[in-house]
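[1] Would you be able to build a 3D model of this:
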Amino acid sequence: MSGSSFFNKPTESELAILQVLWAHGPSTVRFINDTLNEASDDEREIGYTTTLKLMQLMLDKGLLERDTSSRTHVYRPLINERETRQHLLDKFVDTTFRGSAMDLVMQALGNHSVSQDELAAIKDLIKKIEEE
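    The predicted model follows:
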């Protein structure tokens with residue numbers, strides 16, 4: 001899907017599954033379901049069949065690929081984390097901040113305390129951008 005103008009935007013639940021796969025690599029439904037439940041702030045447990053159904057839908061949408069060569073099916077993402085983040089961020093900036101990256105940064109910095117290390121990293125990034 002890399003380089004393609006087609007982008008199948010993942011839902012919030014699909015993105016949570018993709019995050020697990022990007023962090024841990026190819027995984028089973030059981031592993032993904034357990035990881036989602038461990039990370040969840042919600043008291044309600046996510047059912048195995050719910051995760052399975054969602055992953056089957058993601059397979060149909062072209063977001064995942066399934067290896068069926070062993071008894072336990074292993075899934076891997078078909079979309080790249082960096083490209084997905086960039087696309088979602090671009091869409092968010094366009095729709096929420098009318099395309100203004102500056103407005104996004106000002107909002108983010110204005111609403112959160114920023115550590116000295118983070119400020120230094122931001123300054124380094126600005127310097128790098130100015131030099132390009």
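
[2] switch to C-alpha atoms for all contacts and neighbour counts from now on
    Noted.

[3] And the contacts of the one helix or strand L57 maps to?
    According to DSSP states H and E, L57 maps onto helix 48-61. By Cα atoms under 8 Å, 6 or more residues apart in numbering, the residues outside helix 48-61 that reach it are N8, E14, I17, V29, R30, I32, N33, L64, E65, R66.

[4] Just after it, pick out the following helix or strand.
    Sequence order places strand 64-67 as the next helix or strand after helix 48-61, per DSSP H and E.

[5] How far off centre is the helix or strand bottoming out on mean pLDDT in the chain?
    The weakest-scoring helix or strand in the chain, judged by mean pLDDT, DSSP states H and E, is helix 101-111 (a mean of 84). Offset of helix 101-111 from its chain centre (Cα atoms, centre = their mean, to the nearest Å): 21 Å.

[6] Can you name the residues in contact with it?
    For helix 101-111, the surrounding residues in contact (Cα under 8 Å, 6+ apart) are V93, F97.

[7] what do you get if the cut-off is 10 Å, keeping everything else the same?
    Contact with helix 101-111 is made by L89, D90, F92, V93, D94, T96, F97, R98, V114, L119, as judged by Cα atoms under 10 Å, 6 or more residues apart in numbering.
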